[in-house]
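> could you look at this predicted model? Sequence included:
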Amino acid sequence: MSGRVQGMIELAGRAAGTAGGSAARAAGTLINRLGAAAPHIERARALARAFSTSFAAASGASAGASSGARHASGSPGWGARYAASRPTSLGEGWSPVTKPINQIIASESAIIRARVQQLVRDFPYFKRARDVMVNYTVGRGLRYEPRVLDADNNLDRAVNRQLEDAWKRWSDEVDLGRAMDIYGIQRLAKGQDVEAGEWINVLVTSRQPGRYLPVGIRSYESDWLTSDRARGEGGEALWDAALGVAGPAAARRAILGGVEYDSITGEVLAYHFREPGSHGMPVRVPAQWVSHGYDVLRPGQMRGISPFVTAILVAHSLQEIMTSELDASQMASKWLAIVETPDAFGFQASRGLDGGRIERLENAIIDYLQPGEKIHFEAANRPGSNFEPFVKLVLRMVAIVTNTSYELLTSDYSGLSYSNLRSIRNDMIEAFEPVQDRQVFQQCKAHQRWFLQYATLTGRLRLPGWEADPARYYRAYWQPSGHRLLDPLRETKAHTEQMTTLTRSPQEICAERGRDLDDVLEEIRQAKALAEEKGLDLFAALGGASTTVKNNPAALGAAEEGDGEGGSDKAARRALKETICRIK
């Protein structure tokens, strides 16, 4: 069979696969005839020309039913496509080039990090957004609460208390610079996560006498990581994956931005550190002694990027606009009027310290001008009336990008109701819960692992069965910082009803306030014991007050004693006051 005839048959086959209705049938007929006429080339060419005419007519008929949908989507030609990929006149030239995430971060992270840090230093709203993200994620710290179980599957209170006491002692000395405790390191890490997109903690040893554990934690900025002249564990060269080319078949170990990893499995093996600006050999630290945290956006990602990246240009533009408006307003407030004169040089020369004739009338000044001169008074109309709405619009964009709310970003709570405030705070708490979980997984659990390993190794902790089953002692809960109640009376009543109906537990309610139920009950027990020691019945007086939500003046205590519920509350408050006075 001729190659040209074979080509026509294949063309007809593709047409039959993309066409529908009578067009497909015509293409199928052509394929059969071309096969039969293969020995006769001229006959095949004639059939091809006939097919072209009949196929065009059939395609027009079969496309009539779907022409409306095709024109609506703007899809040219046969088949289907996404409208977002359709070329348009306004989108001309928009052809994004896709690169691996690690190459993008390796080439762009330095300038992005520098710009974000500059905006945090100089732009108040970026500084506020950073603080909001740190406060809502870490707050006063993600507190370590051990939850080790005994053989009966109950909390082993003795072991948990031992672990908690040991953790508190180490957390106070964990920073070798003595500038912060373990929870300060958490806040610093989250700040680095916001500005640079990642944080780095390294376990370091200390020879200082009198320490509870001979190890501490040091935080590094991300620009300490380097691939320059990095070597593997055995001194072998590492393939630099940032070059964007495929590595040799034998190069299983690769490095990207100072992170050494297995190119087959993706397992991180080590980190290579060198002080920025120095030219020495980098120091290789095994991955088990490094806590490296960042938000994983795409598979295989090795380094982090700031979450503020999409707000950088908008924030920088807004900063320049606000600076220009402030400068213009300042100039408008200083320059009251401009003198128009045909003799500018002569006018300036006559305005010395003693030149010019000026008279003063209390707060007013009369200035005598030269012939032909006149004064044009400037209108101080800066900033304009559209400036504030425009700034609000841009700040809402910044709030969306930085995962905060406009109200928290600007501290503008005007026009908000109680329901609005609750909705805003609830949305913020839910938005930051996954961020808290990520920091617990990437940082807190690494710190816990180092603590338990060295506390048991040095004999500070003697945990039964540690060598056989250490996982039992890793069971813990990391308590986020709580939030104050917006309406204590209403929310307390709601909590009481939820516990009564068995829809919430006391542990969950205490956790919302950042407290541990065991600690709360212990404080109550101590308070009760103290009251009994003083011969007081404090809790009986506290229990006499009603927690009913009231909305009218009489129910709020305006009624006299004995006049309904208001009088009862008043008597209870008086009894409580007398009890407190006795304590004093």
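Noted; the coordinates are in hand.
> residue contacts, residue 479?
Taking C-beta atoms under 8 Å, 6 or more residues apart in numbering, we find residue 479 in contact with 142, 143, 144, 145, 511, 514, 515, 516. (Each C-beta comes from the backbone N, C-alpha and C, glycine too.)
> and residue 281, by the same measure?
Residue 281 sits next to 229, 231, 274 when contact means C-beta under 8 Å, 6+ apart.
> sec struct for it, please.
coil (DSSP: H, G, I helix; E, B strand; the rest coil).
> and it, how far is that from residue 224?
Per C-beta to C-beta, to the nearest Å, residue 281 is found 14 Å from residue 224.
> any residues in contact with both of these two?
Common neighbours of residue 281 and residue 224 (criterion: C-beta under 8 Å, 6+ apart): residue 274.
> residue 104 and residue 158, how far apart?
Separation of residue 104 from residue 158 (C-beta to C-beta): 52 Å.
> looking at those two, which one has more neighbours?
Per other C-beta atoms under 10 Å, whichever of residue 104 and residue 158 has more neighbours is residue 104, with 14 against 10.
> list phi and psi for residue 97.
The phi and psi torsions at residue 97 (degrees, to the nearest 10) take the values phi -100, psi 120.
> before we move on, back to that, among the contacts of residue 479, which are in strands?
Among the contacts of residue 479, the members found in strands (DSSP state E) are 143, 144, 145.
> mind listing what's buried in the lengthiest strand in the chain?
In the chain, assigned by DSSP E, the strand with the most residues is strand 198-205. Across strand 198-205, burial judged by 16 or more other C-beta atoms under 10 Å covers 198, 199, 200, 201, 202, 203.
> how close does the closest residue to the first one other than its chain neighbours get to residue 199?
The shortest distance from residue 198 to any non-neighbouring residue, by C-beta to C-beta, 6 or more residues apart in numbering, is to residue 304 (3.3 Å). Counting by C-beta to C-beta, the gap from residue 304 to residue 199 is 8 Å.
> need the overlap of contacts for those two.
193, 222, 293, 294.
> ok, how many other residues are close to the last one?
Same thing as residue 294. Neighbourhood size, residue 294 [other C-beta under 10 Å]: 22.
> and the first one, by the same measure?
Counted with other C-beta under 10 Å, the burial measure for residue 193 works out to 28 neighbours.
> quickly note the distance from it to residue 443.
From residue 193 over to residue 443 the distance is 9 Å, taken as C-beta to C-beta.
> between those two, what contacts are shared?
Shared contacts of residue 193 and residue 443 (C-beta under 8 Å, 6+ apart): 199, 293.
> circling back: can I get the longest strand of the chain as PDB, trimmed to CA atoms?
The C-alpha atoms that make up strand 198-205 are tabulated as PDB, following Å, rounded to 0.1, in the frame of the first residue of the first chain:
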ATOM      1  CA  GLU A 198      10.200  28.800  57.200                       C
ATOM      2  CA  TRP A 199      11.900  28.400  60.600                       C
ATOM      3  CA  ILE A 200      15.000  26.400  61.600                       C
ATOM      4  CA  ASN A 201      15.800  25.000  65.100                       C
ATOM      5  CA  VAL A 202      18.900  23.000  65.800                       C
ATOM      6  CA  LEU A 203      19.700  21.000  68.900                       C
ATOM      7  CA  VAL A 204      23.000  22.100  70.300                       C
ATOM      8  CA  THR A 205      25.100  20.900  73.300                       C
END
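> contacts for that strand?
176, 185, 188-190, 192-193, 214-222, 224-225, 271, 273, 285, 289-294, 303-304, 443, 446-447, 450.
> circling back to that earlier point, so can I have CSV of the shared contacts of residue 304 and residue 199 showing distance to residue 533, secondary structure and pLDDT?
Shown next, in CSV, are the shared contacts of residue 304 and residue 199 (distance: C-beta to C-beta, whole Å; DSSP: H, G, I helix; E, B strand; the rest coil; pLDDT from 0 to 100):
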residue, distance to residue 533, secondary structure, pLDDT
193, 49, helix, 96
222, 56, helix, 93
293, 48, strand, 96
294, 54, strand, 96
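> what's the farthest-apart pair in those residues?
Based on C-beta to C-beta, the longest span within the shared contacts of residue 304 and residue 199 runs between 222 and 293 and measures 10.9 Å.
> common neighbours of the two, please.
Shared contacts of residue 222 and residue 293 (C-beta under 8 Å, 6+ apart): 198, 199, 304.
> same list (those residues) but as CSV, adding pLDDT and distance to residue 121.
Formatted as CSV, the shared contacts of residue 222 and residue 293 follow (pLDDT from 0 to 100; distance: C-beta to C-beta, whole Å):
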residue, pLDDT, distance to residue 121
198, 96, 19
199, 96, 19
304, 95, 20
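> ok, back up a step: got a markdown table for the contacts of residue 479, with distance to residue 538 too?
Output for the contacts of residue 479, formatted as a markdown table (distance: C-beta to C-beta, whole Å):
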| residue | distance to residue 538 |
| --- | --- |
| 142 | 34 |
| 143 | 29 |
| 144 | 32 |
| 145 | 29 |
| 511 | 26 |
| 514 | 25 |
| 515 | 20 |
| 516 | 23 |
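> most neighbours among these, please name it.
Sorting these by how many neighbours each has (other C-beta under 10 Å) puts residue 142 first, at 24 neighbours.
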